[in-house]
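S.K.: kindly generate the corresponding structure for this input.
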Amino acid sequence: MEPVHIVTEKENIAPIVLLPGDPLRAKYIAEKFLTDAKLVNTIRNMFAFTGYYKGHLITVMGSGMGMPSMGIYAYELYKFYDVKKIIRIGSAGSIHPDAKVLDVILSTGSYSNSSFDNTLLKREEPFVESSKDLNNTILYTAKEMNMDIKVGPTFTSDVFDVYVDISDIIDACPIKDQLQCVEMEGFALMHIAKYLGREASMLATIVDSKYQPDVIVSPEERETSLDKMITLALESIIK
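M.R.: Just a heads-up that it's a prediction; the model follows:
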């Protein structure tokens, strides 16, 4: 079987990958942070760029929104392009009072009530850990950068929680008091990585919080915060 969603020569994809959700954010990262970046995938406008960061070849690619989309791209990257490590970089909503707007969260693992795990593994595994080795590298790198990040498990939802109240689902989670934030892709990425024996982690910037409903983040503040997260991911994945 050949990949159908990422169509390029195998050597065009680096063994280390950053996956933002938005393909235009992948373009932004390639243009701002990479040198000699080349567009290597355009299927369905899910742009992938490969270039150099401090002399290390790296690919940055959009994953799309939601677990099915993330599952497709993570699977093809690991399975067909022999990618070793992926860090998802995205935005999230706080579900913990200590996770403030613009905080960066390092996920130790994702919990979900999705059927993704049962469909993939033919068994229910509602919590999946991220890579401990990769997470330790991220923590070490954050310390080197004098960057404060929050660490803990995260929740992956099948629906955008701003539109639909999922508080009853969160409340039913056995680790609800530890959960830092909710997003829509991490659970799929971590399960695919575990299934294929590869490494995956996730960094998420908090962009909204039910505990800070009146906090309005300017476009400039959001870009600066995301740049810090992007830099942390880049510095970590090349180690």
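S.K.: make it CA atoms for all contacts and neighbour counts henceforth
M.R.: Will do.
S.K.: centre-most residue in this structure?
M.R.: Arg88 (2.0 Å; CA atoms, centre = their mean).
S.K.: helices or strands up against the host helix or strand of that one?
M.R.: In the assignment (DSSP states H and E), Arg88 maps to strand 85-94. Applying 3 or more CA pairs under 8 Å, 6 or more residues apart in numbering; DSSP states H and E, we find strand 85-94 packed against strand 16-20, strand 181-183, strand 199-209, helix 219-237.
S.K.: ok, back up a step: per-residue confidence at the residue nearest to the centre of the chain?
M.R.: pLDDT for Arg88: 98.
S.K.: from Pro97, how far out is it?
M.R.: The gap separating Arg88 from Pro97 is 23 Å, by CA to CA, to the nearest Å.
S.K.: try Ala233
M.R.: Taking CA to CA, one finds Ala233 at 25 Å from Pro97.
S.K.: now Ser131
M.R.: Counting by CA to CA, the gap from Ser131 to Pro97 is 25 Å.
S.K.: for these two, indicate the residue with more neighbours.
M.R.: Ser131 (23 against 12; other CA atoms under 10 Å).
S.K.: could you double-check that the more buried one lies in contact with Ser201?
M.R.: Yes: assessed by CA atoms under 8 Å, Ser131 is found in contact with Ser201 at 5.8 Å.
S.K.: residues in contact with Lys27?
M.R.: Counting by CA atoms under 8 Å, 6 or more residues apart in numbering, Lys27 makes contact with 47-49.
S.K.: related to what we said a few turns ago, and the contacts of the strand holding Arg88?
M.R.: 15-21, 100-101, 180-183, 186, 198-211, 229-230, 233, 237.
S.K.: restricting to C-alpha, output it in PDB.
M.R.: In PDB, the C-alpha atoms belonging to strand 85-94 read as follows (Å, rounded to 0.1, in the frame of the first residue of the first chain):
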ATOM      1  CA  LYS A  85       9.600  11.600  16.500                       C
ATOM      2  CA  ILE A  86       6.600  13.900  16.300                       C
ATOM      3  CA  ILE A  87       5.700  16.900  18.500                       C
ATOM      4  CA  ARG A  88       2.200  18.300  18.100                       C
ATOM      5  CA  ILE A  89       2.100  22.000  18.700                       C
ATOM      6  CA  GLY A  90      -1.300  23.600  19.000                       C
ATOM      7  CA  SER A  91      -3.800  25.600  21.000                       C
ATOM      8  CA  ALA A  92      -6.100  24.400  23.800                       C
ATOM      9  CA  GLY A  93      -8.700  25.500  26.300                       C
ATOM     10  CA  SER A  94      -7.900  25.400  30.000                       C
END
